[in-house]
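In: Have a look; sequence and predicted model below, questions after that.
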Amino acid sequence: MSTPIADPRRWLMLPVVLAATFLYGFDLNIVNVALPSLQHELHAGQEALELVVGGYSFSYAAALVIGGRLGDLLGYRRMFLLGMAAFVVASLLCGLAQSPAELVAARVLQGLTAAGMVPQVLALITATFPGDERPRALSWFGVVGGLAGVLGQILGGLLLSADVFGLGWRIVFLLNLPVGVIVLGFALRLLPTARPGRRPGLDPLGAVALSGSLALALLPLIFGRGQGWPLWTWLSLIAAAPALVGALLWERRLTARGGTPLLDLTLFRGRGFRLGLGVNAAFMASFTSSIFVLSLLLQSGLGLPAGQAGLAFGPFAILGMTGPLVGRRLVARIGARPVMLLGCAVDAVALVLLGSALHALGGGISVPWLIVGLGLLGFGNTLVLPSLIGTTLGGVRPEQAGMASGTLNTTQQFAGTAGLAAIGTVFFSVLGDRTARAAFAGAAERVVWIELVLVVVMAALITALTRPAAPAPATTNAEPTPRADLRAVDGRAEDGSDPESKQLSSGRRAGPRGRA
């Protein structure tokens, strides 16, 4: 079998597709800085503010698998272009909203459009870059993904403080227009032309069932805490599990009948993909909650204005940029597993430093005491993430790249939402009605130790993820393919031979050594 020719424009394409990842994360976080302005200028109540934030993340998470599947069926290039164009329009509608209801509706639409474009990012990277180049591309994915959230707060605070063009809070949405138009122009020129094979149906029943089960789980997690966990939230959470089981049974039945399910359950047969989702879940639960709690500590606890609180995350952002670049070089030398474990160790040190400072200083804590821990946390997180994503998607067949990417993104979003709900509940329970600096410091300390436990869980799962699989039955004249382990991430065979890029195009499974 001949090696597929790599697209010569793939490195020019990379920043274009990564712009979608940045825009999604940027818009998810920048709106948090604008909430006081929305409350004052748009007269938005507490429930409307929750919907502005939660409606975006809910519609995004609920539609991710569908967005990934549409990329598989219609082509990643086409779905990226459609999703980006729709995201620009939805951002314009957000910026033009004249009432809280209009803004909430536009934000829900914005989340849906993001679900159309974001899954195509990892899908295009997986399908376009050879195995030996993919770790480098994913390192940049880690840089952009890590920075989007932090820069959303930093730039958001600066934009609102500057009151650009007198637009107030509207600038945080209208900023997407020129950026999106520029990205679309480059995408039309640089993204590889989609060549989809046969185009089976979308599985509408599966789409409704999977999205509905996710909605039953996500809605109470997003809105439960703000509403005091009323009865409907618990009933919804209880109903989510059987609804998901029913959806998966339908997908399996459709597969057995020869149909094309929205979610191909054979993805979960690979240990790399299955355990990789678990590590991603622990990572996102820790990352999302840490940003949330530390932001509250800086603004509500220490009384910093939005701009200064955002700048306090500067070390987090700067070291977050260097982490993936350093990690890529380390992966080439020592492999992905040690690098991911090193990232977990750095995260653990950062959390111990933060927790110890909060415990020792209490209400006397100040920004300089937090900077070292924040910087190390940014570095450790971005050491882990690129190799983790590469490990999770390393054994996925090219024709499943969109579906796998959508499933991974859905897992990350769900874990982030669930982690924020659970850890946020702990934070506010410890805080109670107190508003003193010492109360915020004590609540933040409790959260830091919980996040340390999540880091330990990540390290344990990474160890299991990278442990050699049980030997497969011997075969003759079998063509090797990559397993969902670190050789697909490192781009090397165990004996250090040439990368396995040409094996990535084969859909057949290999033995444990990746050789006949």
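Out: It's in.

In: Where does the prediction get shaky in the protein?
Out: Counting by pLDDT under 70, the chain shows low-confidence ranges at 1-6, 46-47, 142, 146, 149-150, 194-202, 306-307, 399, 466-516.

In: what about the closest residue to residue 297 other than its chain neighbours, helix or strand, and which?
Out: Spatially, and ignoring its direct neighbours in sequence, residue 297 is nearest to residue 444 (4.7 Å; CB to CB, 6 or more residues apart in numbering). All C-beta atoms are positioned from the backbone trio N, CA, C, and that covers glycine. Residue 444 is located in helix 437-465, with elements delineated by DSSP states H and E.

In: Could you list every helix and strand in contact with that helix?
Out: Helices and strands touching helix 437-465, by 3 or more CB pairs under 8 Å, 6 or more residues apart in numbering; DSSP states H and E, are helix 271-296, helix 336-361, helix 367-393, helix 401-431.

In: Please identify the deepest-packed of those helices.
Out: Relative to the other members of these, helix 367-393 carries the highest mean neighbour count by mean count of other CB atoms under 10 Å, namely a mean of 25.

In: need the strands for the protein, in chain order.
Out: With DSSP state E applied, the chain shows no strands anywhere along its length.

In: Next, the buried residues of stretch 207-225.
Out: 207, 209-225 (16 or more other CB atoms under 10 Å).

In: If you could redo that for stretch 447-467, that was the one I meant.
Out: Neighbour-count burial for stretch 447-467 flags 447-448, 450-452, 454-455, 457-459, 461-462, 465-466 (criterion: 16+ other CB under 10 Å).

In: And these, which two are furthest apart?
Out: Maximum pairwise distance in the buried residues of stretch 447-467, criterion CB to CB, is 28.9 Å, between 447 and 466.

In: any idea how far the residue nearest to residue 297 is from residue 226?
Out: Residue 444 sits 20 Å away from residue 226, going by CB to CB, to the nearest Å.

In: Compare these two (neighbour count), which wins?
Out: Here residue 444 and residue 226 are set side by side on neighbour count (other CB atoms under 10 Å), and the busier one is residue 444, at 24 against 15.

In: Quick check, the residue nearest to residue 297 in contact with residue 301.
Out: Yes - the pair residue 444 and residue 301 passes the contact test of CB atoms under 8 Å, sitting 7.2 Å apart.

In: Now the common contact residues for those two.
Out: Between them, residue 444 and residue 301 share no neighbouring residue, with contact defined by CB atoms under 8 Å, 6 or more residues apart in numbering.

In: For residue 82, which of the helices and strands packed on helix 437-465 is the nearest?
Out: By CB to CB (comparing all of the helices and strands packed on helix 437-465), the closest turns out to be helix 401-431, at 13.4 Å.

In: got the angle for that closest one vs helix 271-296?
Out: Relative orientation of helix 401-431 with respect to helix 271-296: 40 degrees, computed using axes from the mean of the first three to the mean of the last three CA atoms, to 10 degrees.

In: What's the end-to-end length of stretch 429-443?
Out: By CA to CA, to the nearest Å, the extent of stretch 429-443 from end to end equals 8 Å.

In: scratch that, stretch 108-128
Out: Criterion CA to CA; first-to-last residue distance in stretch 108-128 is 31 Å.

In: Among the buried residues of stretch 207-225, name the ones in helices.
Out: With helices identified by DSSP state H, the entries of the buried residues of stretch 207-225 that belong to them are 207, 209-223.

In: got a list of what the closest residue to residue 287 other than its chain neighbours touches?
Out: Using CB to CB, 6+ apart and skipping residues adjacent in sequence, the residue nearest residue 287 is residue 381, 6.0 Å away. Residues touching residue 381, when contacts are defined by CB under 8 Å, 6+ apart, comprise 146, 283, 287, 320, 323, 343, 347.

In: Residue 294 versus the closest residue to the fifth one other than its chain neighbours, what's the distance?
Out: Okay, so that is residue 323. Using CB to CB, 6+ apart and skipping the chain neighbours, the partner closest in space to residue 323 is residue 382 (3.1 Å). Residue 382 sits 16 Å away from residue 294 when distances are taken as CB to CB.
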